[in-house]
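J.: got a sequence here, can you model it:
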Amino acid sequence: MELTINGQTHQVDIEPDTPLLWVLRDELGMTGTKYGCGLAQCGACTVLVHGQATRSCVTPVETVAGAKIMTIEAIETDPVGQKVVEAWVAQQVPQCGYCQSGQVMAATALLKQSARPTDEEIAGAMVNLCRCGTYNAIAAAVREAAQA
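T.: Below you'll find the model as predicted:
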């Protein structure tokens with residue numbers, strides 16, 4: 001199967017129903033995308049597929065063959081992603097950091113869809129779980145990235 005991840009083509013010999021998360025982590029060594037719940041509930045596994053936030057833990061790899069996939073490893077190569085990362089650092093969002101790659105990916109997807117999101121749009125898009133409760137800092141970072 002051929003996958004385009006972070007602008008590079010990868011050939012993987014994998015069962016078609018294998019979740020994308022395990023292909024990224026176990027087959028390709030891209031460990032920035034995290035395993036959280038395995039049920040698409042927490043968002044730690046969020047990647048971008050054609051610019052859309054996608055939960056990789058429940059996405060069969062066969063459904064993204066031929067798609068443009070971006071992981072946290074390449075997010076700063078995207079102008080919007082770079083602004084998000086800069087805002088994340090400026091707002092000192094991470095505490096434990098486990099969920100942050102998924103949070104950054106979700107924020108990048110939001111800002112690609114809506115350059116100036118309202119507070120309601122931010123709340124609606126930023127639904128990934130954060131055990132440390134950094135939701136106020138996350139929202140502030142999204143607003144800062146939108147202004148950049």
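
J.: CA only for contacts and neighbour counts going forward, please
T.: Will do.

J.: list the contacts for the most centrally placed residue in the chain?
T.: Central residue of the chain (C-alpha atoms, centre = their mean): residue 105, 2.7 Å from the mean position. Neighbouring residues of residue 105 by C-alpha atoms under 8 Å, 6 or more residues apart in numbering: 46-48, 53, 71-72, 75, 81.

J.: wait, a helix at residue 139?
T.: Yes: applying DSSP: H, G, I helix; E, B strand; the rest coil, one finds residue 139 inside a helix.

J.: just give the closest residue to it, not the sequence neighbours.
T.: Distance criterion C-alpha to C-alpha, 6 or more residues apart in numbering; nearest residue to residue 139, sequence neighbours excluded, is residue 122 at 6.7 Å.

J.: need the strands for the chain, in chain order.
T.: Along the chain, the segments classed as strands by DSSP state E run 2-5, 8-11, 46-49, 52-55, 68-70.

J.: most packed of the ones you listed?
T.: Among the strands of the chain, the stretch with the highest mean neighbour count (mean count of other C-alpha atoms under 10 Å) is strand 46-49, at a mean of 26.

J.: and that one, which strands flank it?
T.: Paired strands of strand 46-49, with direction, are strand 52-55 (antiparallel), strand 68-70 (antiparallel) (DSSP bridges).

J.: among these, which is nearest residue 144?
T.: With C-alpha to C-alpha as the measure, strand 52-55 is the member of those nearest residue 144 (19.8 Å).

J.: average model confidence for that closest one?
T.: The pLDDT scores in strand 52-55 average 98.

J.: name the surrounding residues that touch it.
T.: Applying C-alpha under 8 Å, 6+ apart, the contact partners of strand 52-55 are 40, 43, 45-48, 105-106, 109.
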